[in-house]
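In: Coordinates for the following, if possible.
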Amino acid sequence: MKKILVTGGAGFVGSHLCDALIKNNYVVCVDNMITGSKENISHLEGNKNFRFVNKDICDVDLMKTFSDIKFDEIYDMASPASPVDYVEYPIETLLTGSMGVKHLLDIAVRDRAKILVASTSEIYGDPLEHPQKEEYWGNVNPIGVRSCYDEAKRFMEALTTAYMRKKKVNIRIVRIFNTYGPRMRLADGRVVPNFISQALKNEDITVYGDGSQTRSFCYVSDLVEGLVKLMSVEVNTPVNLGNPHEQTIIEFAQNIISIVGSKSRIKHTPLPLDDPQRRNPDISKAKKLLGWEPKVDLKTGILETVTYFKKKIHV
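Out: From the prediction side, this is the model:
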């Protein structure tokens, strides 16, 4: 039985990852609860193969906290991950991607553990290349309103790679594209919870700009499967994980209205600063190295997410 550390483990993706890993491993979940929720992991309490630690990975004594355990694998999912969150917590976001990741890499050195760090499609910025391949270096504003997240993740990739080269750490880097599913927070500011919440309440659905910007949406169970597969193979360069089916935001809003059976209308609002116009992953590398591609179709995934949100807003 492997001993696995999951940081950000009480968050949206992290909690689903804990669920997948705990079946055959001892899982230590760390979260400072800035954007995580105990509700996401409450069903794991009492499981002898699960331990929760309320702690910030930026704390200087992080390694001492785990002096009693030697980890085999580390999954770093810690960071605010929505525009609402990282604009509210810009300094925390930057420190998590730098100081926090350094602490985890030092644990990986100590334990000779494999470490997977969660990067993001945001490192590509507002891309000049489409779809985005891992070899693309990006088009990012280093001082814009989103830079705290974009640059934290870009630095994290550089630091992780430096530890691989200098200290021979066994690394994995995943670039995660838009992911959705149960346990997302209603007010986290991302398009899926925004649209579903508004549709369930028959409120106007707010579309930024004219809605021609594109996104691709991957269901959380597909992403988690990709994360676990990535950890199991030998690849130390970034790998995109996401759904290559691209659609415009206006199309997505119309799909949500149809699936929910809502009376909502679409309302256009100004486009946020530095909002990427196109976002779509090239997943050729994941297909080749992992044998991975998304399985859950959009309607199925949205219905599962709608069921979860209905309980949250009591409709």
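In: can you map out the helices along the stretch 51-200 of the chain?
Out: Assigned by DSSP state H, counting those that start in this stretch, the stretch 51-200 of the chain shows helices spanning 62-65, 83-88, 90-95, 101-111, 147-167, 191-200.
In: Please identify the deepest-packed of those.
Out: Counting by mean count of other Cβ atoms under 10 Å, helix 191-200 has the highest mean neighbour count of these, with a mean of 22. Any C-beta I mention is one placed from the backbone N, CA and C, and that applies to glycine too.
In: need the next SSE after it, C-terminal direction.
Out: Using DSSP states H and E, the next helix or strand after helix 191-200 towards the C-terminus is strand 205-208.
In: What is the subsequent helix or strand relative to that following strand?
Out: That would be, after strand 205-208 and using DSSP H and E, strand 214-215.
In: Please compute how far the helix or strand following that following strand lies from its chain's middle.
Out: Remark: after strand 214-215, the chain's next helix or strand is strand 218-219, criterion DSSP H and E. On the basis of Cα atoms, centre = their mean, to the nearest Å, strand 218-219 is displaced by 11 Å from the centre of the chain it belongs to.
In: same check, this time on stretch 85-99
Out: That offset, for stretch 85-99, works out to 15 Å (Cα atoms, centre = their mean).
In: Now do it, average pLDDT.
Out: Per-region confidence: stretch 85-99 scores 95 on mean pLDDT.
In: Same question for stretch 185-197.
Out: pLDDT averaged over stretch 185-197 gives 87.
In: same check, this time on stretch 59-78
Out: 97.
In: for stretch 16-31, same thing?
Out: Rounded mean pLDDT across stretch 16-31 is 97.
In: Around residue 288, count how many other residues there are.
Out: 10 (other Cβ atoms under 10 Å).
In: what's the answer for residue 136, then?
Out: 17.
In: is it true that it touches residue 125?
Out: No: Residue 136 is beyond contact range of residue 125, at 9.8 Å (criterion: Cβ atoms under 8 Å).
In: low-scoring stretches of the chain, by residue?
Out: Filtered on pLDDT under 70, the chain yields the residue ranges 274, 314-315.
In: Farthest out from the centre of it, which residue is that? Tell me.
Out: Here the centre of the chain is the reference, and by Cα atoms, centre = their mean the most remote residue is residue 263, at 30.9 Å.
In: Which phi and psi values does residue 265 adopt?
Out: phi -110, psi 160 (degrees, to the nearest 10).
In: pretty sure it is touching residue 204, no?
Out: Yes: Residue 265 is in contact with residue 204 according to Cβ under 8 Å; the separation is 5.5 Å.
In: Of all the helices of the stretch 51-200 of the chain, which one is nearest residue 175?
Out: helix 147-167 (8.4 Å; Cβ to Cβ).
In: got the angle between that closest one and helix 101-111?
Out: Going by axes from the mean of the first three to the mean of the last three Cα atoms, to 10 degrees, helix 147-167 is angled at 20 degrees with respect to helix 101-111.
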